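1. no sequence for this one, just the structure:
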Ligand code: SF4
């Protein structure tokens with residue numbers, strides 16, 4: 001993975017993008033990727049997000065699955081230009097099999113509404129897809145086991161923008177030592193996608209003083225999203 005932050009990049013973020021324009025190539029490579037992640041599963045008959053979701057729902061690659069009710073794959077527009085990535089499912093998410101439906105999810109809904117973004121317009125997922133017991137942070141080995149599932153999910157959705165909600169998502173997708181407090185709000189570029197690290201909504205519930213910073217970050221996201229939509233129309 002190649003990461004640049006926006007201060008290192010001289011080019012506009014959404015010029016021609018080999019990764020995103022090469023979707024057909026990605027689909028062909030997908031079979032090999034899926035076989036590595038799930039070597040014992042029958043080959044998928046189609047390269048689609050839904051087929052990948054069904055396969056991921058059978059996942060037992062780490063011990064988190066033992067105590068979780070099920071795999072919370074994620075939800076939203078399968079062709080979303082904005083993907084929000086959180087840490088992992090909590091109790092409510094585990095119960096309902098949906099991401100961000102607890103208190104933090106309700107706050108995320110309010111942030112989306114304030115930004116004039118419909119939840120159905122974007123996609124929402126997590127770094128780990130099974131609930132860590134007691135809502136503890138996912139461990140390194142659990143993140144390592146689950147990250148390939150998210151990476152394949154990202155390829156299939158092919159979003160232009162990824163919003164990393166919190167330190168766990170930022171460290172999983174940007175770099176392991178990413179300092180969320182110091183570098184939130186600063187665009188990062190990853191494989192021709194733009195990543196915006198910001199605080200997790202749960203952090204805002206604990207410390208409402210962080211809301212202003214998140215709102216500033218989301219406004220940057222909306223600005224770029226509007227620009228992309230304008231270029232595509
Ligand atoms: S957390 Fe991820 S890797 Fe672990 S069992 Fe669940 S889906 Fe599989």
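-> Yes, it's here. Computed from a predicted model, the values in this text were never measured in an experiment.
2. What is the neighbour count of residue 166?
-> 22 (other Cβ atoms under 10 Å). For every residue, glycine as well, the C-beta is placed using N, CA and C.
3. What separation do you get for it and residue 137?
-> 10 Å (Cβ to Cβ, to the nearest Å).
4. who touches both of those two?
-> Counting by Cβ atoms under 8 Å, 6 or more residues apart in numbering, the contacts common to residue 166 and residue 137 are residue 87.
5. which parts of this protein sit against the ligand?
-> Counting by Cβ under 6 Å from any ligand atom, the residues of the chain close to the ligand are 56, 59-62, 64-65, 71, 128-130, 142, 145-146, 149.
6. Of these, just the buried ones, ChimeraX syntax please.
-> Written as a ChimeraX command, the selection of buried residues from the residues of the chain next to the ligand, which uses 16 or more other Cβ atoms under 10 Å, is:
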select :56,59,61,62,64,65,71,128,129,130,142,145,146,149
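7. Does the residue lying closest to residue 38 once chain neighbours are set aside lie in a helix or a strand, and which?
-> Leaving aside its sequence neighbours, residue 38 sits nearest to residue 55 (Cβ to Cβ, 6 or more residues apart in numbering; 5.9 Å). Applying DSSP states H and E as the criterion places residue 55 in helix 49-56.
8. Quick one: residues in contact with that helix.
-> 34, 38, 41, 44-45, 71, 73-74, 78, 129, 149, 152-153, 156-157.
9. Out of the residues you listed, who's the most crowded?
-> residue 129 (28 neighbours).
10. doesn't that residue fall inside a helix?
-> No. Applying DSSP: H, G, I helix; E, B strand; the rest coil, one finds residue 129 to be coil, outside a helix.
11. Next one: the residue nearest to it when sequence neighbours are not counted from residue 36, what distance?
-> Spatial nearest neighbour of residue 129, excluding adjacent residues (Cβ to Cβ, 6+ apart): residue 71 at 4.8 Å. Residue 71 is 18 Å from residue 36, where distance means Cβ to Cβ.
12. Quick one: end-to-end distance for stretch 203-219.
-> Terminal residues of stretch 203-219 lie 19 Å apart, using Cα to Cα, to the nearest Å.
13. Just checking the distance from that stretch to the centre of its chain.
-> From the chain centre to the centre of stretch 203-219 is a distance of 18 Å (Cα atoms, centre = their mean, to the nearest Å).
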